[in-house]
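S.K.: Take this sequence and fold it.
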Amino acid sequence: MPDRRGPVVAALMLSMALAALDSTIVSTAVPQIVGDLGGFSVFSWLFSGYLLAVTVTLPVYGKLSDTFGRKPVLIAGSILFLLGSALCASAWNMAALIAFRVVQGLGGGALQGTVQTLAADLYPLDQRPKIQAKLSTVWAVSAVAGPALGGLIATYADWRWIFLINLPIGAIALWLIARHLHEPARTAPKRPQIDWAGALAVFACGGVLLTALVQGGVAWPWLSPPSLTLFGSGLALAAIVVVIERRAAEPIIPGWVWRRRTIAAVNLALGALGLLMVAPTVFLPTYAQSVLGLAPMAAGFVLSVMTLSWPVSAALSQHVYRRIGFRNTAITGIAAAALILLTFQFLPYPGSAWQPALIMLLLGAALGLFQLPLIVGVQSTVGWSERGTTTASVLFCRQIGQTVGAALFGAVANGVLSSRLGGSGSLDSVAKSLEDPGSVADPERLRRAVDAAVESVYLGAACAAGLALLVLLFLAPRRFPVRTEEPAPSPGTPASQEEGPPARA
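M.R.: Numbering: from 1, shown residues only. The predicted structure follows:
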């Protein structure tokens, strides 16, 4: 049976690789892109625009996949992503490239959410850790390989190939999905009521608030008129979203997502995961280069060891949660993660590369034990008709956590650097010093300032882990209300829509 699901799983892994690579592959080609198109002052929107589009569309695609099925949503999202990739490759200036990156992100939201949902549809509960571990491995490898691949393409070919390479990979995934994924007929209303007003309001609210978080403290001060205007507008739009969703027959973000303790707890816990992940992914490479004196590739390796232990731990977590349950397994993982993050405070100065690398290796193992049981567990508490919305809400909260974390920890790091360097220090000044070491008047003082800043960020990450621990201890039910399932689905098809009455497990 599993071998006949192989083509669909291959398509899911290719789609996940596209979504994961696109978040990192562009970063190392920025100098070539700016040199060709100009627009250095706004290049950060190459990443922010994509992130915004992915984040705000996740709830929309989740609801649409529950209404129309996973296959049409995944096909439509793949086509939109590939269209955005082709347009990016043809961009004639930075404004056009940013706009086309947003189009890519609109498709990327469908890839991220629907792939995770289909993984749960295809396999019964006892087999889901295997497919989730495979997807985790794809994401981990892509995160590590993305910058290197982007650098190679930018060095030995035109930067436009960074986007063109998506086309053949995406076409293969699209063909496999269209040919091999066969969803069974489901009972659905003759005229599904789509909450387009809610979708537009969610998109507008998310876009405004995320723009405020992404640009605040970077393009303008936090308490400046643009920042306050955006936050005020975002809160007003949030109120409008609540009003629309309460009146909608089929809301994009239904109230039960937050009324059910299990889903609400997992959403908050994985939001905290997104928050704490900013510390290693954003700040550790800077620490490795400026404090430890490593080359960029070696600095990337210090971070990448986390991606070695995470998938292995995730794959093995099933043996733990089958004994002690989803909640207790996740509690064990996040408690260990909090302690591991705290050990960063005790690293010697300047220290050796193996020390933070060991911390990252252990952190990956702890987070694999935390994240996968929560995702598998929460997907197993709902039937087919609610799984897309549930999965999308989890991914949405994690993305929001990452955005908030980038803004919050960026402000913390800048504050520490400014106090240590007499008001003249910031993350921008550190980045410039890495590009041109000779421009630094007092390198040792800068190294110690960066060391103190990253220690503060890791302390904040440990607090975020502690927040997730408290959520699981006091909000999550002791045992997830897992639904009993029918026998394993036929090859190449998702599980049935109704999986039987809830059972305590």
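S.K.: Thr286: how many residues sit nearby?
M.R.: Residues near Thr286, counting by other CB atoms under 10 Å, number 19. C-beta here means a position set from N, CA and C on the backbone, and glycine is covered the same way.
S.K.: Model confidence for it, exactly?
M.R.: The model reports Thr286 with a pLDDT of 80.
S.K.: Can you pull out the low-pLDDT segments for the stretch 201-350 of the chain?
M.R.: Along the stretch 201-350 of the chain, segments meeting pLDDT under 70 span 218, 296-297.
S.K.: same check, this time on the stretch 351-500 of the chain
M.R.: Across the stretch 351-500 of the chain (using pLDDT under 70), the flagged ranges come out as 423-441, 484-500.
S.K.: switch the cut-off to 90
M.R.: Scanning the stretch 351-500 of the chain for pLDDT under 90 picks out 351-354, 368, 372, 376, 379-380, 382-389, 391-393, 395-396, 398-453, 481-500.
S.K.: need the strands for it, in chain order.
M.R.: Taking DSSP state E, counting those that start in this stretch, the stretch 351-500 of the chain contains no strands at all.
S.K.: Tell me where it has helices.
M.R.: Residue ranges of the helices in the stretch 351-500 of the chain, as given by DSSP state H, counting those that start in this stretch, are 354-379, 384-420, 427-435, 443-474.
S.K.: Name the residue closest to the centre of this protein, please.
M.R.: In the chain, the centroid-proximal residue (CA atoms, centre = their mean) is Gln399; its distance is 5.0 Å.
S.K.: That one and Leu58 touch, don't they?
M.R.: Yes - here Gln399 reaches Leu58: they are 6.9 Å apart, a contact under CB atoms under 8 Å.
S.K.: before we move on, back to that, contact partners for the residue nearest to the centre of the chain?
M.R.: By CB atoms under 8 Å, 6 or more residues apart in numbering, the contact set of Gln399 is 51, 54-55, 58, 274.
S.K.: can I get those residues in a markdown table with distance to Phe474?
M.R.: Putting these into a markdown table (distance: CB to CB, whole Å) gives the following:
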| residue | distance to Phe474 |
| --- | --- |
| Leu51 | 31 |
| Val54 | 31 |
| Thr55 | 27 |
| Leu58 | 27 |
| Gly274 | 20 |
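S.K.: mind putting those residues in TSV, neighbour count, distance to Arg327 and secondary structure included?
M.R.: Below are these laid out as TSV (neighbours: other CB atoms under 10 Å; distance: CB to CB, whole Å; DSSP: H, G, I helix; E, B strand; the rest coil):
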residue	neighbour count	distance to Arg327	secondary structure
Leu51	21	30	helix
Val54	27	29	helix
Thr55	26	27	helix
Leu58	28	24	helix
Gly274	21	20	helix
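S.K.: out of the residues you listed, who's nearest Ser78?
M.R.: Using CB to CB, Val54 comes nearest to Ser78 of the contacts of Gln399, at 14.1 Å.
S.K.: any idea how far Leu292 is from the closest one?
M.R.: Remark: distance between Val54 and Leu292 (CB to CB, to the nearest Å) = 33 Å.
S.K.: ok, now Ala353?
M.R.: Computed as CB to CB, the Ala353 to Leu292 distance reads 6 Å.
S.K.: Out of the contacts of Gln399, which comes closest to Gly84?
M.R.: For these, the closest approach to Gly84 (CB to CB) belongs to Val54, at 11.3 Å.
S.K.: From Lys63, how far off is the nearest residue to Pro251 once chain neighbours are set aside?
M.R.: Using CB to CB, 6 or more residues apart in numbering and skipping the chain neighbours, the partner closest in space to Pro251 is Glu245 (4.1 Å). Going from Glu245 to Lys63 by CB to CB gives 11 Å.
S.K.: Show me the common contact partners of those two, please.
M.R.: Shared contacts of Glu245 and Lys63 (CB under 8 Å, 6+ apart): 195, 251-254.
S.K.: Could I get these in a markdown table, plus columns for neighbour count?
M.R.: Listed next are the shared contacts of Glu245 and Lys63 as a markdown table, based on neighbours: other CB atoms under 10 Å:
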| residue | neighbour count |
| --- | --- |
| Asp195 | 22 |
| Pro251 | 23 |
| Ile252 | 26 |
| Ile253 | 25 |
| Pro254 | 20 |
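S.K.: Take those and lay them out in TSV including secondary structure and distance to Gly405.
M.R.: TSV is the format used below for these (DSSP: H, G, I helix; E, B strand; the rest coil; distance: CB to CB, whole Å):
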residue	secondary structure	distance to Gly405
Asp195	coil	30
Pro251	coil	28
Ile252	coil	25
Ile253	coil	22
Pro254	coil	27
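S.K.: Identify, from those, the entry nearest to Leu223.
M.R.: The closest of those, once distances to Leu223 are taken by CB to CB, is Ile253, at 30.0 Å.
S.K.: The closest one contacts Ile244, doesn't it?
M.R.: No - counting by CB under 8 Å, Ile253 stays clear of Ile244, with 9.8 Å between them.
S.K.: list residues touching both of those two?
M.R.: Common contact partners of Ile253 and Ile244 (CB under 8 Å, 6+ apart): Gly198.
S.K.: on that earlier part again, closest one of the shared contacts of Glu245 and Lys63 to Leu80?
M.R.: Ile252 (18.0 Å).
S.K.: Tell me who's in contact with the closest one.
M.R.: Contacts for Ile252 (CB under 8 Å, 6+ apart) come out as 59-60, 63, 195, 198-199, 202, 245.
S.K.: Closest to Pro226 out of those?
M.R.: Nearest to Pro226 out of these is Val202 (CB to CB; 22.6 Å).
S.K.: Please look at the closest one and Ala248 and confirm they touch.
M.R.: No - the pair Val202 / Ala248 is not scored as a contact, 11.1 Å apart, by CB under 8 Å.
S.K.: Can you tell me the closest non-neighbouring residue to Val241?
M.R.: Using CB to CB, 6+ apart, the nearest residue to Val241 is Ala201, at 4.6 Å.
S.K.: which of Glu245 and Lys63 has more neighbours?
M.R.: When neighbours are counted by other CB under 10 Å, Glu245 and Lys63 differ, and Lys63 comes out ahead with 26 against 18.
S.K.: Read off the pLDDT value for the more buried one.
M.R.: pLDDT, Lys63: 85.
S.K.: go on, Ala17?
M.R.: Model confidence at Ala17, given as pLDDT, is 84.
S.K.: helix or strand for it, which one?
M.R.: Assessed by DSSP states H and E, Ala17 sits inside helix 6-22.
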